[in-house]
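Student: sharing a model prediction with you, sequence too.
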Amino acid sequence: MKRWHDLPLRTKLTLLYLGLLSALICLLGAILYTDTKHFLISTTALRLRAQAKPVIERWFATGPGLPAPLAPPSPPSPGLPPAPPSESRQPSSGPVEQLTEDTAVSLSQALTSRDTTALVIDNQGHILATGRRLPEEPPAAPPDPQRINRALAGENEITYIDIANGQRTLVVLIPLRRTPTDPRILGVVQLNTPLATIDQILWRQRLLIGAGIIVAVLLGALGGLWITGSALAPLKRMIATCKRIAAGDLSQRVNLPRHYDEVGQLAAAFDDMVAHLEKAFAAQRRFVAAAAHELRTPLTAIKGSLEVLLRGSLDDKAAATKLIQGMYREVTRLNRLAEQLLSLTRLDTPVLIHKEKVNLAQFLNTVVQEAKLMAQERVITLNPGYPIVLEADPDSLKQVFYNLIDNAIRHTREGGKIEIGWGKKHASVEIWVADDGEGIPPTDLPHIFEPFYRGDRSRSRRRGGAGLGLSLAKGIVEAHGGTISVESSLGKGTCFRIRLPISDPERG
Amino acid sequence: MRLEHSQSSSKIGARILIIEDESTIAELLRTGLTYEGFRVSVVSGGEEGLECADKEDFDLVILDLMLPDIDGFEICRRLRLRGNDIPIIMLTARREIPDRIKGLNMGADDYVTKPFSFEELVARIRAVLRRRGSAAEPTQLSAADITLDLEAHEAYKGGKPLELTPTEFALLELFLRHPRRVFTRETLLNRIWGLDYEGDRNVVDVHISNLRRKLGDRERRLIRTIYGIGYSFRPD
């Protein structure tokens, strides 16, 4: 037997639902059954009382004479105490004053029918007469002295079921009063009616309820399986999709028709998540492929040079020196590449930005002074705007401007102009680095911030760039909560614009 | 135009034009191939390369695919369009199958991807030259009265076959390719036993002495010991 937690959700839900269903149906059946039973018994008792009442009233009013000649006195039932001898044997036709054996016989016979037998009991608890004369009339239950006493004490509605001789008998006790308001009780009439018919009805009812429960539970099980199955089908589909994705196929989607129930929302959210992951992985793969390619070129040169040296060229001092110098250049390139890769990955951790107050005019002045040292015959000018104080990390911001200026130097001719300036725009400052160089082809413009992207691979590689400078600049600016954009026209020049938020505009 | 020629000192080897813009790789190819006995010219641009290939008579072109001005595929196509049937080996970092197929369809004779093994590149250059029946890459090497049949891998001295182990054959081939060159023991180890050989360095001396015995070179006049340096083959 599997543990409950390991069962499939479908089975669990169905079982829970079935349990609830059968409990409810059983409860309902039980209520229905007991209610029917009470109803049948109480209506029978009511009918017996209703039938007996006029007979008793008439008997008291007209006297026992009328029925007396019809029925011979029946022998007392065995086991019963012998009836006391009758004192006044008057077949009177007047109102009955006393309850005697003779009068009792006529009363009991008047009350007895095919399904009811009456016993007349005097106020001492003795049976005076029984109305049973024919064998098809039901036998009477033996009187219960306690209940008889309660009836003699004046309790009107005593009804109970007696089980004797393997038969259930409904017993109704009626105290005998001359008039309904008379406090004197002369005796008790015990009406006995077998419950065979009622029992039969109740048995059929039990059968019906039982069968109903079984059928309902079976149908409920089937329906429950179907309902939970159809509700869980999308989940099964998601599991299958998940497994395929886990196996490495990120292009898989659940692709449920868009229903706005919970499962539909889950599937849609899941698909969105996988789409994002796929994009991120593709970007990562492209990045790694580009990085590997960048590594491969210098490594090829180094490996080839070493091979050539070891295969004999080491003996030629001049050739060997040239090769070794080449290898040194390649190693330097690898080193720079590694540094830039590291800076690029470091940007993912926001801790790296240590913000402090930066006076923009002062800061850019320093940057331009230092940049002039590497300007190589380019004219770098600073075009100051309003004094502004920024909250920024000066070291990484310096890196941004060096990268942009270095980029500008590499893409302008000797004597070209590079201008740096800034202006305030709402709650942010815009700083630009513009050159009058060769410009960037429109097809390259959307890609220049991607790592390792180079419009013209060979040429810029010879110029020493790995294609990481601009993506690094973008990463740093974005870590400051700013944006970087570029405009360029071929042959006329390029302008990079950096927009940084000013945290405290009052200081401007 | 900047053309640099490096002549093999001993004999006339195949003339190879290298079109490659990565300076370090160009330099190692120049040095390495010159050492192997080829005559090497290096240019760094496609236009330059085309001009050079038209003007001078080369036996083979080594062509980088990623050049600053013209794509390597385009250079290959233009050369073939002009009816220039010079053998071409493409050398590139593009290692995808479609690129290789494109290169070969453009009329390249072989396609070598970076990073490449220099030894393999040399072998491929020789194979392409032999396949094209170039006079600069003979199938037989002879010196003194020794003849090596490179295709059949057989050696003869005075018309009589020599029983050589593969290592001895490789040593003899190296000596015959570069007569009079002095090889250090390290160079011989690196070239014949491989760059990752880490065993006993005396194997060189053992094999040289075996080779001398088989060549009947008791006076050590063919394969001379250069004291303190290494060995040199002197057929004259």
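Tutor: On my side now, so go ahead.
Student: could you show which parts of the stretch 251-400 of chain A are in contact with chain B?
Tutor: By C-beta under 8 Å from any C-beta of the partner chain, the residues of the stretch 251-400 of chain A that approach chain B are A:293, A:296-305, A:307-308, A:310-316, A:319, A:322-323, A:326-327, A:329-330. Every residue, glycine included, has its C-beta placed from N, CA and C.
Student: so which of the residues you listed are in helices?
Tutor: The helices, defined by DSSP state H, take in A:293, A:296-305, A:307-308, A:310, A:319, A:322-323, A:326-327, A:329-330 from these.
Student: weed out the non-buried ones from those.
Tutor: Burial by neighbour count, judged by 16 or more other C-beta atoms under 10 Å in any protein chain shown, picks out A:296-305, A:307-308, A:310, A:319, A:322-323, A:326-327, A:329-330 from those.
Student: show me the chain divided up by domain.
Tutor: If you meant another chain, say so; for now it's chain A. Domain assignment for chain A by automatic domain parsing gives A:8-75+A:94-203, A:268-346, A:350-507.
Student: nope, chain B
Tutor: Taken from automatic domain parsing, chain B resolves into B:15-131, B:140-233.
Student: deepest-packed of those, please.
Tutor: Most buried of the domains of chain B by mean neighbour count (mean count of other C-beta atoms under 10 Å in any protein chain shown) is domain B:15-131; its value is a mean of 19.
Student: run the chain-centre distance for that one.
Tutor: When distances are taken as C-alpha atoms, centre = their mean, to the nearest Å, domain B:15-131 is centred 14 Å away from the chain's centroid.
Student: same question for stretch A:157-166.
Tutor: 56 Å.
Student: run through who's touching it.
Tutor: Among residues not part of stretch A:157-166, those counted as contacts by C-beta atoms under 8 Å, 6 or more residues apart in numbering or on different chains are A:41-42, A:45, A:139, A:141-142, A:144, A:147, A:150-151, A:168-173, A:192, A:195.
Student: what do you get if the cut-off is 7 Å, keeping everything else the same?
Tutor: Residues outside stretch A:157-166 that contact it (C-beta atoms under 7 Å, 6 or more residues apart in numbering or on different chains) are A:45, A:141-142, A:147, A:150-151, A:168-173, A:195.
Student: what residues are up against the residue in the stretch 151-300 of chain A positioned nearest to chain B?
Tutor: Using C-beta to the nearest C-beta, the single residue of the stretch 151-300 of chain A nearest to chain B is A:Thr300, 3.9 Å away. Taking C-beta under 7 Å, 6+ apart, we find A:Thr300 in contact with B:Ile25, B:Lys114, B:Pro115, B:Phe116.
Student: quick check: A:Thr412 is in a strand.
Tutor: No: with DSSP: H, G, I helix; E, B strand; the rest coil as the criterion, A:Thr412 is located in coil rather than a strand.
Student: residues in contact with the closest residue to it other than its chain neighbours?
Tutor: In this structure, A:Thr412 finds its nearest non-sequential neighbour in A:Gly437, 3.5 Å apart by C-beta to C-beta, 6 or more residues apart in numbering or on different chains. Neighbouring residues of A:Gly437 by C-beta under 7 Å, 6+ apart: A:Ala408, A:His411, A:Thr412, A:Gly416, A:Gly493, A:Thr494.
Student: please redo it, this time with the cut-off set to 6 Å
Tutor: A:Gly437 makes contacts with A:His411, A:Thr412, A:Gly416, A:Gly493, as judged by C-beta atoms under 6 Å, 6 or more residues apart in numbering or on different chains.
Student: rewinding a little: can you redo the domains of chain B as TSV with mean pLDDT and distance to A:Pro135?
Tutor: Converted to TSV, the domains of chain B look like this (pLDDT from 0 to 100; distance: least, C-beta to C-beta, whole Å):
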stretch	mean pLDDT	distance to A:Pro135
domain B:15-131	89	110
domain B:140-233	88	122
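Student: need the ones you listed in CSV (columns: distance to A:Ile484).
Tutor: Formatted as CSV, those follow (distance: least, C-beta to C-beta, whole Å):
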stretch, distance to A:Ile484
domain B:15-131, 28
domain B:140-233, 48
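Student: nearest to chain A, of the ones you listed?
Tutor: Comparing these by C-beta to the nearest C-beta, domain B:15-131 comes nearest, at 3.5 Å.
Student: please see if the closest one touches chain A.
Tutor: Yes: judged by C-beta under 6 Å from any C-beta of the partner chain, domain B:15-131 and chain A are in contact via B:21, B:24-25, B:27-28, B:31-32, B:35, B:66, B:68, B:93, B:114-115, B:118.
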